[in-house]
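Colleague: sequence first, then the predicted structure:
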Amino acid sequence: MVEATFELAVPKPITSSITKYNYCGDRIAPEAAAIVPDAIVSPDRMDPYKHLKEAIIKRCGESNLTSMIRNLNPTNSTFHNNDQFFVNTSLNSSSYVFLRIDKVRPPLTHPYSGPHLVKSRSVKKFVIDLSSKNVTVTIDRYKPAYKLSKTIPSGVIPKVTLNDLPKEQSRQTDKSDRFKNVRITRYGRHVHFPKRMSVKI
């Protein structure tokens, strides 16, 4: 990268070894400077840049290259069936499911159809009742459907005592005071007049 900087320098490429050495000495990484302090402190008089470059490659390059190669792990050349997707745990026990519609849909349409009855199930496929036909679909297109029970458990409904109920009489008097100066238009809107304007002459 540094070599490319020297080649692309404007108005003409940098060819002087001392200029290249000064440029690299200012921008050298601290890790590399710690490994080659002798090449930085006492540069070669004939070609300081070449001497610095060779020292960095010799001392840093070999150790870094071998450690990088050791850390490389071979990657699998095939990626078949590596797609991972979320599968709801309640799919194993649900008797009804929603089926995702995998096609281009018009705006504001439901992304799922159903609920559909599950006829049979395997690890990756379900057989469902879709328009009175048995259809086999993969598990990644399903979402469990929950049906509400017709009976409500007794512990769900809270018990209310008479002290908790609001007093209706106080509410009615508040409403009558509030709506004294209200007129209703023919469109059903309430018009409130200020008190100073509501006095009849």
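Modeller: Done, it's in.

Colleague: which residues does Asn134 bridge with?
Modeller: Applying DSSP bridges to Asn134 gives these bridge partners: Asp129.

Colleague: need the longest strand for the protein.
Modeller: strand 112-121 (DSSP state E).

Colleague: care to break the chain down by domain?
Modeller: With domains defined by the TED database, the chain comprises 17-72, 89-145.

Colleague: how about a markdown table for those domains, with mean pLDDT, distance to Arg196 and mean neighbour count added?
Modeller: Quick note: C-beta positions are derived from backbone N, CA and C, even for glycine. Output for these, formatted as a markdown table (pLDDT from 0 to 100; distance: least, C-beta to C-beta, whole Å; neighbours: other C-beta atoms under 10 Å):
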| stretch | mean pLDDT | distance to Arg196 | mean neighbour count |
| --- | --- | --- | --- |
| domain 17-72 | 70 | 81 | 14 |
| domain 89-145 | 90 | 51 | 13 |
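
Colleague: which one is Leu130 nearest to, not counting chain neighbours?
Modeller: Computed as C-beta to C-beta, 6 or more residues apart in numbering, the closest residue to Leu130 that is not its neighbour in sequence is His116, at 5.7 Å.

Colleague: check contacts around the one you found.
Modeller: Going by C-beta atoms under 8 Å, 6 or more residues apart in numbering, His116 touches 96-99, 128-130, 145.

Colleague: residue boundaries of the helices in this protein?
Modeller: Taking DSSP state H as the test, the helices found in the chain are 2-7, 17-27, 30-35, 37-41, 48-56, 62-71, 168-178, 195-198.

Colleague: which neighbouring elements make contact with the fourth one?
Modeller: If I follow you right, that is helix 37-41. Applying 3 or more C-beta pairs under 8 Å, 6 or more residues apart in numbering; DSSP states H and E, one finds that helix 37-41 contacts helix 48-56.

Colleague: and the contacts of the helix it packs on?
Modeller: So helix 48-56 is in contact with 17-18, 20-21, 24-25, 28, 32, 35-36, 38-40, 43-44, going by C-beta under 8 Å, 6+ apart.

Colleague: using PDB, write out every CA atom in it.
Modeller: Listed next in PDB are the C-alpha coordinates belonging to helix 48-56 (Å, rounded to 0.1, in the frame of the first residue of the first chain):
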ATOM      1  CA  PRO A  48      17.500   3.600   4.100                       C
ATOM      2  CA  TYR A  49      14.000   2.800   2.800                       C
ATOM      3  CA  LYS A  50      15.100  -0.600   1.300                       C
ATOM      4  CA  HIS A  51      16.900  -1.500   4.600                       C
ATOM      5  CA  LEU A  52      13.800  -0.600   6.700                       C
ATOM      6  CA  LYS A  53      11.500  -2.500   4.400                       C
ATOM      7  CA  GLU A  54      13.600  -5.600   4.400                       C
ATOM      8  CA  ALA A  55      14.000  -5.500   8.200                       C
ATOM      9  CA  ILE A  56      10.200  -5.200   8.700                       C
END
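
Colleague: out of the contacts of helix 48-56, flag the one nearest to Asn88.
Modeller: Among the contacts of helix 48-56, Ala32 lies closest to Asn88 (C-beta to C-beta), at 53.0 Å.
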